[in-house]
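Peer 1: My questions are about this predicted structure, shown below with the sequence.
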Amino acid sequence: MASAIVFPGQGAQSVGMGKDLYQKNDLVLHLFQKAGERTGIDFESLIFEGPESVLKETKNLQPAITLINIATWQTLIRESPHISPNYVLGHSLGEISALHAAGCLDFEDTMELVLKRGRFMQECAEKNPGIMLAVLGLSAEKLR
């Protein structure tokens, strides 16, 4: 049977995410340190303490989610070497974590990429403010 790993994107965040892995796993601690060195972000404070409003800023969130995705992935393959998915994929931002998991990007380049992606998207959103809605259960006529 084929198997897949799907990495989440922006919107899956919460203050404290990944703390259990961080506290129990030297690999995750090492990834946090390497990510902080590469990006200049204090991930322990950002992810574990918040506040949520700062974590949710695109420029912070994209590297944070990616770090947690990769830390979870690397823990999984280290602790369960028999797991070998046929596919890796991601939702939006999660696609970059999937590229790392597929061996297309090393860890440092992945973190630098999402740092820049988050900053560029934050800048665009500030220059072009807007909103997005999910409309469910309304007819087109009622929506108009």
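Peer 2: Structure received.

Peer 1: So the residue most central in space within the chain versus His82, what's the distance?
Peer 2: Nearest residue to the geometric centre of the chain (C-alpha atoms, centre = their mean): Ile65, 2.2 Å. Ile65 sits 27 Å away from His82, going by C-beta to C-beta, to the nearest Å. In short, each C-beta sits where N, CA and C put it, glycine included.

Peer 1: do the same with Ala102
Peer 2: 19 Å.

Peer 1: For the two, indicate the residue with more neighbours.
Peer 2: Using other C-beta atoms under 10 Å, the more surrounded residue of Ala102 and His82 is Ala102, with 13 against 5.

Peer 1: so what's the more buried one up against?
Peer 2: Going by C-beta atoms under 8 Å, 6 or more residues apart in numbering, Ala102 touches Val88.

Peer 1: ok, now Val88?
Peer 2: Val88 touches Ala4, Ile5, Val6, Phe7, Ala98, Ala101, Ala102, counting by C-beta under 8 Å, 6+ apart.

Peer 1: Out of those residues, which comes closest to Thr39?
Peer 2: For the contacts of Val88, the closest approach to Thr39 (C-beta to C-beta) belongs to Phe7, at 18.6 Å.
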